[in-house]
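Chemist: prediction below, plus the sequence it came from.
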Amino acid sequence: MDVPLAHLDRLFDYLVPAELDDGVRPGTRVRVRFAGQLVGGWVLDRVAASGHDGKLAFLDKLVSPEPVLTAEVARLARAVADRYAGHLADVLRLAVPPRHARVEQQPYDLGLAGPADDQAAPVPSARADRGGAPDTGHGWAAYPAGPAFLRALTDARAARAVWAALPGENWAARYADAVAATVGGGRGAVVVLPDGRDVDRLDTELARRLGAGRHVVLTAALGPAKRYRAFLAASRGLVKVVIGTRAAMFAPVADLGLAAIWDDGDDVHAEPRAPYPHARDVLLTRAQFGETAVLLGGYARSGEAQQLIETGWAREIVGARTAIRRSAPLVTPAGDDAQLARDAAAATARLPSLAFTTARAALQAGTPVLVQVPRRGYLPSVSCAQCRSPARCPHCAGPLALPSAGATPACRWCGRPAAGYACPHCQGRRLRAAVTGARRTAEELGRAFPDTAVRTSGRDEVLADVPAEPAVVVATPGAEPVAAGGYGAVLLLDTWALLTRADLRSAEEALRRWLSAAALARPAADGGRVVVVADGGLAPVQALLRWDPGWFAGRELADRRELGFPPTARMASVTGSAEAVAELLAALRLPDEAELLGPVPAADGQERMLVRVRRSQAAELARRLREAAGTRSARKAAQPVRIQIDPLDLL
DNA sequence: TCAATCCGTATC
DNA sequence: ATACGGATTGAC
């Protein structure tokens, strides 16, 4: 029922008029009269008798006989709504695209050359054939646990893997291998990718592996008609493989054999609309319902992925140490320099000499150079003036901030002042504000390297690839083009802005971005060099030097366990006007041992409270938050509150 | 005594 | 939300 009220998030029985008897099937959209008005609704089931005591009304109208909500997706949506303390209707809005009547009438054109059968799915090739994209050339065989994982997919077993892609890996080809193996085993697959460029890459690889018309791309960027067409191809069972951005996470693929996501640490996987589900969580929930295999891959590893390994839920697939040595570029830090460390502005205004000479050598060798610079707009935060670790509240481990220059720092979570702060790492007592530095421009680099083409790839214009010729390519994280044959040098600049962000995940995020860029460099043996302008003693820098995302993720997860952060604990944030937040908290029956943090100011003069519980109480907390939202909405609360479970921005 | 209004509760 | 019912209030 499409009513935006928490306490009405339940089933209602309606009589079906005789003339609609055929069309009204589970999964169809209907219109019903509810509390005097006509609202949209979903047919979840047909039953002979109702348990409802009062008198039943008739359905008003069948919107379409197309059963767009499959039983599996309905169940999944309910589970997602429960986990995120949200409404089923909200999740269904995310799961089923708006109807497009014309598309529904048209016969679907698969663009098939001929009928393909599952048995003909190609076997993963041992040799790479990539036309441009870098590759290790060994496929899944480069990973000791790789072939067994593919076999499990072919045998339709529910293997669950966290995959650390080797530097230079053509990850899209490996995902295509995994999808082909799943299809070969007679089952379907859903793959979620961060952005359109990644979708294109996998699309190309899949077309190569499966042939035309065997898979479909589902992204919000397609627009309403194409999106609904792609959706119908899946819900009608015309294709078994759906790939796309997070819009694809609910794709109605029957008999799901593989749920996969690439680079799950990328924050674009978090849905910005209520109830704010994360694609990784949705896919894991799906996998738990069916006998579905899971593939979480990336050059980096998220804390959540690490948790899956440590709890034994998933197994890791990593390259052998020798394979990593063979394919990794040589990474050198350029930032131990005390001078650079003391002054962030100086560090970003000048290209350190090592970075400059490395880039020049790569250009002279006839190879392109990638320069990664962070996007603008990071939040200022406070860190130790001596060792630069982010300053955290001694009480609740929230981030400290300076209310005004020279003032006592205070916690942004619990509001407690942190007078006499001493850094837990180096005992330093002075704090520094880490403000956003000036962004290096492509023009500046052009001056540094005259006679060399400087290209940019970023928010406005994203390049997919660049040729194997000397050029300086300036890119923001996530927009790095793939270079034919790999980059001769990769420079990671302005690392300060990343590392000192007032964000729980800043170190993990920095490493994720660095590894993704560094993975595009040639192997060290072919001259591939990476210069990271950061202190070589920092953990994420160490992880990059050693190319060991697993080591870092393990450390990171241990830290989060210590501090009581997700994913080792479950947090919920309640945001709204002070009055609304107080109202919700008054209605909330806190689980035992739940911790309340805050209030802290949020955007637009709003207020935010955090609730923290152990993971074992996570479901109970979500249930009670739903209940509290229900009592509030039943009392016709005027002001809205936003409830988020494990929000990414735990400021 | 009747209607206008308020409040609480249910919404099939 | 909207709709309805029962209680409450106020004017004749």
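Modeler: Now that the structure is in, tell me what you want to look at.
Chemist: use CA for all of it now, contacts and neighbours both
Modeler: Noted.
Chemist: looking at whichever residue of the stretch 151-300 of chain A sits closest to DNA strand C now. What's its pLDDT?
Modeler: At 18.1 Å from DNA strand C, residue A:274 is the closest residue in the stretch 151-300 of chain A, using CA to the nearest atom of the strand. Reading off the confidence values, residue A:274 has pLDDT 95.
Chemist: with adjacent residues omitted, what lies nearest to it?
Modeler: residue A:90 (6.4 Å; CA to CA, 6 or more residues apart in numbering).
Chemist: the closest residue to DNA strand B within the stretch 51-200 of chain A and residue A:479: what is the separation?
Modeler: Distance from DNA strand B to each residue of the stretch 51-200 of chain A (CA to the nearest atom of the strand) is smallest for residue A:57, at 3.1 Å. As judged by CA to CA, to the nearest Å, residue A:57 and residue A:479 stand 54 Å apart.
Chemist: between the two, which one's more packed in?
Modeler: Shown here are residue A:57 and residue A:479; by other CA atoms under 10 Å, residue A:479 has more neighbours (20 against 14).
Chemist: correct me, but that one touches residue A:465?
Modeler: No: Residue A:479 lies out of contact with residue A:465 (CA atoms under 8 Å); the separation is 10.1 Å.
Chemist: closest residue of chain A to DNA strand C?
Modeler: Residue nearest to DNA strand C within chain A (CA to the nearest atom of the strand): residue A:36, separated by 3.6 Å.
Chemist: burial check on that residue, number of neighbours?
Modeler: Residue A:36 - counted by other CA under 10 Å - has 7 other residues nearby.
Chemist: which residues touch the residue nearest to residue A:274?
Modeler: Residue A:90 sits next to A:81, A:274, A:275 when contact means CA atoms under 8 Å, 6 or more residues apart in numbering.
Chemist: could you give the mean pLDDT of the helix or strand hosting it?
Modeler: Counting by DSSP states H and E, the element that carries residue A:90 is helix A:88-95. For helix A:88-95, mean pLDDT is 97.
Chemist: do it and DNA strand C meet at all?
Modeler: No: judged by CA under 7 Å from any atom of the strand, helix A:88-95 stays clear of DNA strand C, getting no closer than 15.0 Å.
Chemist: what about dumping the CA coordinates of that helix to CSV?
Modeler: These are the backbone C-alpha positions of helix A:88-95, laid out as CSV (Å, rounded to 0.1, in the frame of the first residue of the first chain):
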residue,chain,number,x,y,z
LEU,A,88,7.9,-1.9,2.4
ALA,A,89,6.4,0.7,0.0
ASP,A,90,9.6,2.6,0.0
VAL,A,91,11.7,-0.4,-0.8
LEU,A,92,9.3,-1.5,-3.5
ARG,A,93,9.7,1.9,-5.1
LEU,A,94,13.4,1.2,-5.4
ALA,A,95,12.9,-2.4,-6.4
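Chemist: buried residues in that helix, which are they?
Modeler: A:88, A:89, A:90, A:91, A:92, A:94, A:95 (16 or more other CA atoms under 10 Å).
Chemist: possible to save those as a markdown table with distance to residue A:149?
Modeler: As requested, those are exported to a markdown table (distance: CA to CA, whole Å):
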| residue | distance to residue A:149 |
| --- | --- |
| A:88 | 35 |
| A:89 | 37 |
| A:90 | 35 |
| A:91 | 32 |
| A:92 | 33 |
| A:94 | 31 |
| A:95 | 29 |
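Chemist: quick one on the thing from earlier: show me which of the contacts of residue A:90 are buried.
Modeler: Among these, those scoring as buried are A:81, A:274, A:275 (criterion: 16+ other CA under 10 Å).
Chemist: you'd agree the second one is up against residue A:85?
Modeler: No: at 9.6 Å, residue A:274 does not count as touching residue A:85 under the criterion of CA under 8 Å.
Chemist: what parts of chain A come near DNA strand B?
Modeler: Within chain A, the positions lying close to DNA strand B (CA under 7 Å from any atom of the strand) are A:7-8, A:11-15, A:33-36, A:52, A:54-58, A:634-635.
Chemist: give the contact list for the nearest residue to residue A:366 once chain neighbours are set aside.
Modeler: The shortest distance from residue A:366 to any non-neighbouring residue, by CA to CA, 6+ apart, is to residue A:470 (5.0 Å). Going by CA under 8 Å, 6+ apart, residue A:470 touches A:362, A:363, A:364, A:365, A:366, A:367, A:368, A:369, A:452, A:453.
Chemist: then residue A:518?
Modeler: A:167, A:329, A:490, A:530.
Chemist: just to revisit the earlier point, out of the residues of chain A next to DNA strand B, which are buried?
Modeler: A:7, A:13, A:14, A:15, A:33, A:34.
Chemist: most widely separated two among these?
Modeler: A:7 and A:15 (22.5 Å; CA to CA).
Chemist: for residue A:145, the count of nearby residues, please.
Modeler: When neighbours are counted by other CA under 10 Å, residue A:145 comes out with 18.
Chemist: just residue A:16 next, same as before
Modeler: Using other CA under 10 Å, the number of residues around residue A:16 comes to 19.
Chemist: that one is in contact with residue A:58, isn't it?
Modeler: Yes: with contacts counted by CA under 8 Å, residue A:16 reaches residue A:58, the gap being 5.7 Å.
Chemist: could you check how far residue A:501 is from residue A:495?
Modeler: Taken as CA to CA, the span from residue A:501 to residue A:495 is 10 Å.
Chemist: meant to ask about residue A:619
Modeler: Counting by CA to CA, the separation of residue A:619 from residue A:495 is 38 Å.
Chemist: mind checking which of these two has more residues around it?
Modeler: Neighbours per residue (other CA under 10 Å) separate residue A:619 from residue A:495, with residue A:495 holding more: 23 against 16.
Chemist: give me the element residue A:282 is part of.
Modeler: Going by DSSP H and E, residue A:282 is in helix A:279-289.
Chemist: swap that for residue A:190, please
Modeler: strand A:188-192.
Chemist: list the helices and strands that strand packs on?
Modeler: Using 3 or more CA pairs under 8 Å, 6 or more residues apart in numbering; DSSP states H and E, the elements in contact with strand A:188-192 are helix A:171-184, strand A:241-244, strand A:256-262.
Chemist: contact partners of the helix or strand containing residue A:150?
Modeler: Per DSSP H and E: residue A:150 is located in helix A:146-154. Helix A:146-154 is contacted by residues A:140-141, A:158-159, A:161, A:177-178, A:181-186, A:257-258, A:293, A:317 when judged by CA under 8 Å, 6+ apart.
Chemist: which positions in that helix come out as buried?
Modeler: Neighbour-count burial for helix A:146-154 [16+ other CA under 10 Å]: A:146, A:149, A:150, A:151, A:152, A:153, A:154.
Chemist: and it, how far out from the chain's middle?
Modeler: Helix A:146-154 sits 25 Å away from the centroid of its parent chain (CA atoms, centre = their mean, to the nearest Å).
Chemist: which SSE is immediately downstream of that helix?
Modeler: strand A:160-164.
Chemist: give me the contacts around that following strand.
Modeler: By CA under 8 Å, 6+ apart, the list of residues contacting strand A:160-164 from outside reads A:149, A:293-301, A:305, A:309, A:313-319, A:549-550.
Chemist: ok, the most centrally placed residue in chain A - contacts?
Modeler: By CA atoms, centre = their mean, chain A has its centre lying nearest to residue A:269, at 2.9 Å. Shown in contact with residue A:269 (CA under 8 Å, 6+ apart): A:194, A:245, A:246, A:278, A:279, A:280.
Chemist: just to revisit the earlier point, so for the strand holding residue A:190, what's the average pLDDT?
Modeler: 98.
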